[in-house]
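Colleague: This is the structure alone, sequence omitted:
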């Protein structure tokens, strides 16, 4: 596939990636680029392996073919400790938040600081409160994760992800299952963190409206291929039927409403023999 | 952070009680204490037959444990069993005419050495020898004798 | 028939595969030991949830097992007029067998299943994965301290079990049934050997602690990350631990007490 984006200023570049799980091909020779300092969104229906892509970028999974470089380093050729060094500069926000359930909010945010730095406790406290302030949850520092709403848990996880001042944050479905208010809060947070901290963001989502509101560039994936890419405006005006169906949410189109089956009338009229 | 302090204490108590349990097993339940105890002296006794007596078997006097067996050897000249015993130094007033017998605790219990003090004024010293001994009762022998005796009586 | 052989081959291969992964996993856990010894706080926290929380069930069960041994032993031994050896019987059964084995089985049910469920849930809620992405090795940070805590707790718990059981047997034997207290203890001390009985019992419980913690952690780590997967893994932990404990007990007993 030809790259329409120059890879000069890309922080992450994916080249000719193929990956399959069992017999199902999740990615079939795709190439993507993620620009430094921008918000890039990967969109597509559920089950297209968007989360898998993030795990491949983070080095948790290995591709069958292809190369993924992050900040100039080939992720899958790194030794274990080099990979861990790289990951310290990446933040990842999991769909569930992935907060450690046996610690309160404060300790969760302090966790990466305590694991990776030898800062005095007073300094850690200051840093944690700053990060919590940034996500508006400084007052919730003593709550346990099970006392948080889904949106709050994601904001805490976000505070934790930025604890070590990473260069890039990967968001896995940040908007799924949120009420409109927390959704608004998250959209605002992602946008402002990206601008204020000079981060690079990669968002994986199937939420068309909110994602296109903040993304600088969008890739639309389906069936292991890139079916559309461009700025949100370009995507909106895409002439691809598939992209149109996805963006407007039409029930039928190139993606059929019906799971493949034999002819409806024949099926009804058949004698009901088991087959 | 205040609860970690109590948690530390509880963990400390747990580990301490676990170690106490193991110590209890070592000192109170097993024979370890009999090796640790400081002063003891050795005496020997010769038995015609020491039966099922074994090393570490108890040595007692008047039912009280005063020592244990530390060695059992066969003397190829006299064809006797030489039993070495370690006696607690506290009990250093055993007369030299003490009788040593091998008894069984209960019908099927362990065999042990019982010391029956005599009336002499001379006490057994370190490496002293007990002259008067009574061998273990061998059950098979006793039964055999009994049967033989009753058979002989019937003939009369 | 061919189908059957195929299935047999397939399941053999998967079980070897699992054993291989479990072994690799064990090495990874052990390789984290040094790091944890430098951070004893993590170990203390786990000693609490693995050891202290099993304390009550172990001691209470130990007391009852000892009391039952006292009763049963007394009735059997008094038929032969050998009540004096009640202490020996109670102590030998506890120290050699019941202490290590029963406390390990209880430990597998109480702490092992909890470990599997905890690790499985951490996996299902992406906590382990999240930790990896934060450049923290979850095996060394989460699993190693739990493994060490299991290894340390097991002999302590087994010792407590036996000690409490022996006292329980004494309560029944001399308190209720009239075996002389002095004889209970002195017969016991005369027959129970420190090396042959106590040390071997401790070795057994260390082995059981090792195996139970290993199984529990691996099942949790290897669980399918769904609620069903975690609950299945928890069941597997209890079943596999019980099999391993009893099987190993046989082997260890044969090795230790075989040539007497």
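Modeller: Here it is on my side, so go on. On a predicted model such as this, the values are computed, not experimentally measured, just so you know.
Colleague: what bits of the chain have low per-residue confidence?
Modeller: As the question left the chain open, I've gone with chain A. For chain A, applying pLDDT under 70 flags the ranges A:1-8, A:272-275.
Colleague: Let me rephrase: I mean chain C.
Modeller: For chain C, applying pLDDT under 70 flags the ranges C:258-260.
Colleague: Show me what the lengthiest strand in chain B is packed up against.
Modeller: Assignment by DSSP state E gives strand B:64-75 as the longest strand of chain B. On a contact count with 3 or more C-beta pairs under 8 Å, 6 or more residues apart in numbering or on different chains; DSSP states H and E, strand B:64-75 meets strand B:40-47, strand B:58-61, strand B:80-88, helix C:181-191. Every C-beta, even on glycine, is put in place using the N, C-alpha and C of the backbone.
Colleague: which other helices and strands contact the shortest one?
Modeller: Applying 3+ C-beta pairs under 8 Å, 6+ apart, one finds that strand B:58-61 makes contact with strand B:64-75, strand B:80-88, strand B:111-116.
Colleague: export the ones you listed to CSV and tack on mean pLDDT and mean neighbour count?
Modeller: Below are the helices and strands packed on strand B:58-61 laid out as CSV (pLDDT from 0 to 100; neighbours: other C-beta atoms under 10 Å in any protein chain shown):
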stretch, mean pLDDT, mean neighbour count
strand B:64-75, 85, 16
strand B:80-88, 88, 20
strand B:111-116, 86, 20
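Colleague: any chance of those in TSV, plus distance to residue C:187?
Modeller: Below are these laid out as TSV (distance: least, C-beta to C-beta, whole Å):
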stretch	distance to residue C:187
strand B:64-75	10
strand B:80-88	18
strand B:111-116	9
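Colleague: circling back: looking at the helices and strands packed on strand B:64-75, which is nearest to residue B:9?
Modeller: helix C:181-191 (32.5 Å; C-beta to C-beta).
Colleague: Contacts only, for residue A:245.
Modeller: By C-beta atoms under 8 Å, 6 or more residues apart in numbering or on different chains, the contact list for residue A:245 reads A:253-255.
Colleague: Tell me which of the helices and strands packed on strand B:64-75 lies nearest to residue B:147.
Modeller: strand B:40-47 (24.9 Å).
Colleague: what does that closest one contact?
Modeller: Contacts of strand B:40-47 (C-beta under 8 Å, 6+ apart): B:67, B:70, B:75, B:78, B:80-89, B:92, B:94, B:100, B:102, B:113, B:124-130, B:133-136.
Colleague: rerun that using 7 Å as the cut-off
Modeller: Strand B:40-47 is contacted from outside by B:67, B:80-89, B:100, B:102, B:124, B:126-130, B:133, B:135, using C-beta atoms under 7 Å, 6 or more residues apart in numbering or on different chains.
Colleague: mean confidence score for it?
Modeller: Strand B:40-47 shows a mean pLDDT of 87.
Colleague: what inclination does it have with respect to strand B:111-116?
Modeller: On the basis of axes from the mean of the first three to the mean of the last three C-alpha atoms, to 10 degrees, strand B:40-47 is oriented at 100 degrees to strand B:111-116.
Colleague: Tabulate the contacts of residue A:245 (a markdown table), appending neighbour count.
Modeller: What follows is these, written out as a markdown table (neighbours: other C-beta atoms under 10 Å in any protein chain shown):
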| residue | neighbour count |
| --- | --- |
| A:253 | 14 |
| A:254 | 14 |
| A:255 | 14 |
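Colleague: Narrow these to those in helices?
Modeller: Of those, none are assigned to helices by DSSP state H.
Colleague: And these, which is closest to residue A:143?
Modeller: Once C-beta to C-beta is applied, the member of those that ends up nearest residue A:143 is residue A:255, at 41.3 Å.
Colleague: Find the nearest non-adjacent residue to residue A:183, please.
Modeller: Spatial nearest neighbour of residue A:183, excluding adjacent residues (C-beta to C-beta, 6 or more residues apart in numbering or on different chains): residue A:175 at 5.4 Å.
Colleague: cool, residue C:110 as well?
Modeller: Closest to residue C:110 by C-beta to C-beta, 6+ apart is residue C:54, at 4.8 Å.
Colleague: and that neighbour, what does it touch?
Modeller: C:107, C:110-111, C:153, C:157.
Colleague: any idea which of these has the most stuff around it?
Modeller: Looking at the contacts of residue C:54 with neighbours defined as other C-beta atoms under 10 Å in any protein chain shown, the largest count falls to residue C:157 at 32 neighbours.
Colleague: and the helix or strand that contains it, does that touch chain A?
Modeller: Residue C:157 belongs to helix C:144-170 when assigned by DSSP states H and E. No - with C-beta under 7 Å from any C-beta of the partner chain as the criterion, chain A is not reached by helix C:144-170; the gap is at least 11.9 Å.
Colleague: helices or strands up against that helix?
Modeller: Here helix C:144-170 touches helix B:2-24, helix C:33-37, helix C:40-46, helix C:53-79, helix C:86-92, helix C:99-107, helix C:200-222, going by 3 or more C-beta pairs under 7 Å, 6 or more residues apart in numbering or on different chains; DSSP states H and E.
Colleague: buried set for the helix or strand in which residue A:184 is found?
Modeller: Assessed by DSSP H and E, residue A:184 sits inside helix A:180-196. For helix A:180-196, the neighbour count (16 or more other C-beta atoms under 10 Å in any protein chain shown) marks A:182-183, A:185-187, A:189-190, A:193-194 as buried.
Colleague: Count the residues that sit near the closest residue to chain C within chain A.
Modeller: Nearest residue of chain A to chain C: residue A:98, at 3.3 Å (C-beta to the nearest C-beta). Residues contacting residue A:98 under the criterion other C-beta under 10 Å number 27.
Colleague: That one touches residue C:127, doesn't it?
Modeller: Yes - using C-beta atoms under 7 Å, residue A:98 is in contact with residue C:127, at 5.2 Å.
Colleague: Around chain C, pick out the residues from the stretch 101-250 of chain A.
Modeller: Near chain C, the residues belonging to the stretch 101-250 of chain A are A:101, A:112, A:115-116 when assessed by C-beta under 7 Å from any C-beta.
Colleague: Which stretch among the helices and strands packed on helix C:144-170 approaches residue A:33 most closely?
Modeller: Comparison of the helices and strands packed on helix C:144-170 against residue A:33 by C-beta to C-beta identifies helix C:200-222 as nearest, at 35.5 Å.
Colleague: okay, which residue is most central for chain B?
Modeller: residue B:58 (1.4 Å; C-alpha atoms, centre = their mean).
Colleague: Oh, that last question was meant for chain C, not what I typed.
Modeller: residue C:104 (2.5 Å).
Colleague: That one and residue C:210 touch, don't they?
Modeller: No - applying C-beta under 7 Å as the test, residue C:104 and residue C:210 come out as separate, 10.3 Å apart.
Colleague: What residue spans form the domains of chain B?
Modeller: Per the record, chain B has its domains at B:1-30, B:38-144, by automatic domain parsing.
Colleague: For residue B:97, which non-adjacent residue is closest in space?
Modeller: Counting by C-beta to C-beta, 6+ apart, residue B:97 lies nearest to residue B:118, which is 3.4 Å off, once chain neighbours are set aside.
Colleague: Would you confirm that that neighbour belongs to a helix?
Modeller: No - assessed with DSSP: H, G, I helix; E, B strand; the rest coil, residue B:118 is coil; it does not lie in a helix.
Colleague: just to revisit the earlier point, just the residues contacting the helix holding residue A:184, thanks.
Modeller: Contact with helix A:180-196 is made by A:39, A:135, A:151, A:154-155, A:158, A:162, A:171, A:174-175, A:178, A:199, A:201, A:210, A:213-214, as judged by C-beta under 7 Å, 6+ apart.
Colleague: Output the lowest mean pLDDT helix or strand found in chain B.
Modeller: Least confident helix or strand of chain B, by mean pLDDT, DSSP states H and E, is helix B:32-36 with a mean of 61.
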